[in-house]
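*Asks:* From the sequence below, what's the structure:
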Amino acid sequence: MSEGSKAMTRSALQARSYRVLSEQLQRLRTPAERDHFMQGAHDALTWLVEGRSAPLTGRLNWPIHGHDVADERAVATALAHQESSPSQEYAAGVQHTLMWAQSADVPPPADVRKVGC
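*Replies:* Numbers count the residues shown, from 1 in each chain. Below you'll find the predicted structure:
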């Protein structure tokens, strides 16, 4: 990824640095078991760091802009609060990670051990 792309991602997030996001992604790549929450966290970070498709909407926008993150987070929030949703825990992982990436006062995704932390 070019320095310009890193800067655009940083600008879109207005929060955590590319380096910090990348470090979290590395921590989530190696767990022996990855539950649905951690898979959502991993996929959200992969989207933010590597520019792959967004984890819930599937959008392929690069560079990622602030409205892209807001849209993905809104979808994640809606799904995370639907008790009947089969992807509730996955969406909660996406939601948590995007909140953390935007400097919300929540623990880093790799440090979360269960949904609701």
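*Asks:* Against residue 103, how distant is the residue positioned nearest the centre of the chain?
*Replies:* Nearest residue to the geometric centre of the chain (C-alpha atoms, centre = their mean): residue 44, 2.8 Å. Plainly put, residue 44 is 15 Å away from residue 103 if you go by C-beta to C-beta, to the nearest Å. (Each C-beta comes from the backbone N, C-alpha and C, glycine too.)
*Asks:* go on, residue 95?
*Replies:* For residue 95, the distance to residue 103 - C-beta to C-beta - is 15 Å.
*Asks:* between these two, which one's more packed in?
*Replies:* residue 95 (27 against 11; other C-beta atoms under 10 Å).
*Asks:* For residue 26, see how far away the nearest residue to that one once chain neighbours are set aside is.
*Replies:* Using C-beta to C-beta, 6 or more residues apart in numbering and skipping residues adjacent in sequence, the residue nearest residue 95 is residue 76, 3.8 Å away. Distance, residue 76 to residue 26, using C-beta to C-beta: 22 Å.
*Asks:* higher neighbour count, the two?
*Replies:* Neighbour tally, residue 76 and residue 26, criterion other C-beta under 10 Å: the higher count belongs to residue 76, 27 against 12.
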